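K.L.:
prediction below, plus the sequence it came from.
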Amino acid sequence: MGFIENKLGSNVQPMRVDFGRVSVFMGAKNGKYPDGNQVLIRGSDTRAAFDTPVVSNFIGPEFDATELVIMGHVHEDHMAGLHRLPDAPVHVHKADLPAARSWDGLLAAFGVTDEARAQDMLTQFRRDFFYAPRPDAQGYEDGASWDLGQVQVRAFHMPGHTPGHCVLLVEPQGVVFIGDIDLTGFGPYYGDASSSLHDFRRTLARLPDIPAKVWVTSHHRGIYTDRERFMRDLAAFAAKIDEREQRLLALLGEAPRTLEQLAEQRLLYPPTFDSPWVKASEMRTISLHLAELLADGRVQADEQGIYRLG
């Protein structure tokens with residue numbers, strides 16, 4: 001058994017996979033956004049949850065007994081069950097703490113400044129993710145650990161997707177929750193204002209060093225129990241970054257373009273996909289690639305903001 005997936009919909013009891021004191025409840029379509037995969041840990045002293053995706057609302061008493069939430073990172077789809085746990089402490093890496101504590105902090109992380117768009121997002125997040133900020137959230141740092149009783153959790157800071165993105169290792173089971181390093185065919189997402197392409201590259205290079213036997217993604221892939229398959233999918237996921245870079249260079253090889261013109265060509269999303277956040281995500285993602293290419297001398301920009309091959 002090298003790869004476990006859930007083909008069931010969200011209208012049935014979530015599929016559950018156990019690894020000793022660790023349980024993974026699979027969201028609809030393997031936790032495909034807007035859902036996610038829920039990890040619960042039954043320590044002899046403390047019951048903990050990693051993030052709280054939409055599926056957490058359909059687990060029942062076992063989730064509702066959670067006494068501690070450790071967030072791998074902060075986005076709306078990872079906060080969807082926090083409303084069920086108003087008294088449970090919520091721990092978040094310090095770099096994502098403002099996004100957990102307030103709506104303004106989450107907007108700043110996204111890079112949203114338009115008031116009308118912000119209000120639309122808030123309405124959607126409340127409807128689809130039961131969104132509520134956690135002003136009581138506590139910060140943790142790289143290397144933080146939690147002794148839950150016969151089970152220990154250790155945080156490895158692996159930013160890029162968000163500045164505070166962490167992977168969470170459960171020992172001695174060797175189960176690691178790798179969050180939104182989700183190994184999708186889409187590839188790494190670093191389109192928020194607070195994302196970092198440089199950090200994501202470094203994170204992907206470091207991830208194989210985590211001493212794990214089981215890898216759990218927030219979305220799409222689910223559970224890996226075979227390292228060879230995990231490494232193969234990780235390599236394909238990481239390769240998307242270089243594929244985007246080559247696509248960008250090819251576009252500039254055709255003709256000099258502004259950032260907005262490059263975004264219109266779609267580096268991330270197919271032309272048929274439309275959503276209010278697409279243009280902003282495309283522009284931020286392309287900007288990060290252009291910054292690298294400018295630093296390497298492979299691209300030049302003039303005072304009118306027109307980019308061409310170096």
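P.N.:
Received, thanks.

K.L.:
all helices of the chain, in order?
P.N.:
28-31, 61-64, 97-101, 103-110, 115-129, 197-206, 227-254, 259-264, 278-296 (DSSP state H).

K.L.:
residues of the longest one that come out buried?
P.N.:
Looking back up the chat, that one is helix 227-254. 230, 233-234, 237-238, 240-241, 244-245, 247-248, 251-252 (16 or more other C-beta atoms under 10 Å). (Each C-beta comes from the backbone N, C-alpha and C, glycine too.)

K.L.:
nearest to residue 268 among these?
P.N.:
Nearest to residue 268 among the buried residues of helix 227-254 is residue 244, at 7.5 Å by C-beta to C-beta.

K.L.:
follow-up on the earlier one: which among the helices of the chain is found nearest to residue 161?
P.N.:
Going by C-beta to C-beta, the one of these nearest residue 161 is helix 197-206, 6.6 Å.

K.L.:
rebuild the helices of the chain as a markdown table, extending it with distance to residue 74.
P.N.:
Shown next, in a markdown table, are the helices of the chain (distance: least, C-beta to C-beta, whole Å):
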| stretch | distance to residue 74 |
| --- | --- |
| helix 28-31 | 17 |
| helix 61-64 | 19 |
| helix 97-101 | 4 |
| helix 103-110 | 7 |
| helix 115-129 | 12 |
| helix 197-206 | 16 |
| helix 227-254 | 22 |
| helix 259-264 | 26 |
| helix 278-296 | 17 |
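
K.L.:
nearest to residue 76, of the ones you listed?
P.N.:
helix 115-129 (4.7 Å).

K.L.:
that closest one versus helix 278-296: what angle between them?
P.N.:
Relative orientation of helix 115-129 and helix 278-296, computed by axes from the mean of the first three to the mean of the last three C-alpha atoms, to 10 degrees: 110 degrees.

K.L.:
shaky segments in the stretch 51-200 of the chain?
P.N.:
For the stretch 51-200 of the chain, no stretch has pLDDT under 70.

K.L.:
mind listing the strands in it by residue range?
P.N.:
Along the stretch 51-200 of the chain, the segments classed as strands by DSSP state E, counting those that start in this stretch run 68-70, 90-93, 138-140, 145-147, 152-157, 166-171, 175-179.

K.L.:
pick the most deeply packed of these.
P.N.:
Counting by mean count of other C-beta atoms under 10 Å, strand 175-179 has the highest mean neighbour count of the strands of the stretch 51-200 of the chain, with a mean of 26.

K.L.:
hmm, who's touching that one?
P.N.:
The contact list for strand 175-179 (C-beta atoms under 8 Å, 6 or more residues apart in numbering) reads 19, 22, 39, 50-51, 72-73, 161, 165-170, 207, 210, 212-218.

K.L.:
can you do 7 Å?
P.N.:
For strand 175-179, the external contacting residues (C-beta atoms under 7 Å, 6 or more residues apart in numbering) are 19, 22, 39, 50, 72-73, 165, 167-169, 207, 210, 212, 214-218.

K.L.:
cool, stretch 44-56 as well?
P.N.:
Contacts for stretch 44-56 (C-beta under 7 Å, 6+ apart): 14, 25, 27, 31, 34-41, 63, 65-72, 77-82, 84, 129, 146, 148-150, 153, 168, 177, 218.

K.L.:
okay, it in CSV with CA atoms only?
P.N.:
Extracted C-alpha coordinates of stretch 44-56, given in CSV (Å, rounded to 0.1, in the frame of the first residue of the first chain):
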residue,chain,number,x,y,z
SER,A,44,-2.7,9.9,26.4
ASP,A,45,-2.8,13.4,27.9
THR,A,46,-4.0,15.6,25.1
ARG,A,47,-6.1,15.2,21.9
ALA,A,48,-4.8,17.4,19.1
ALA,A,49,-5.8,18.4,15.6
PHE,A,50,-3.7,19.6,12.7
ASP,A,51,-5.6,22.4,11.0
THR,A,52,-9.4,22.2,10.7
PRO,A,53,-10.7,21.8,7.1
VAL,A,54,-14.3,21.5,6.0
VAL,A,55,-14.4,17.8,6.7
SER,A,56,-13.9,18.4,10.4
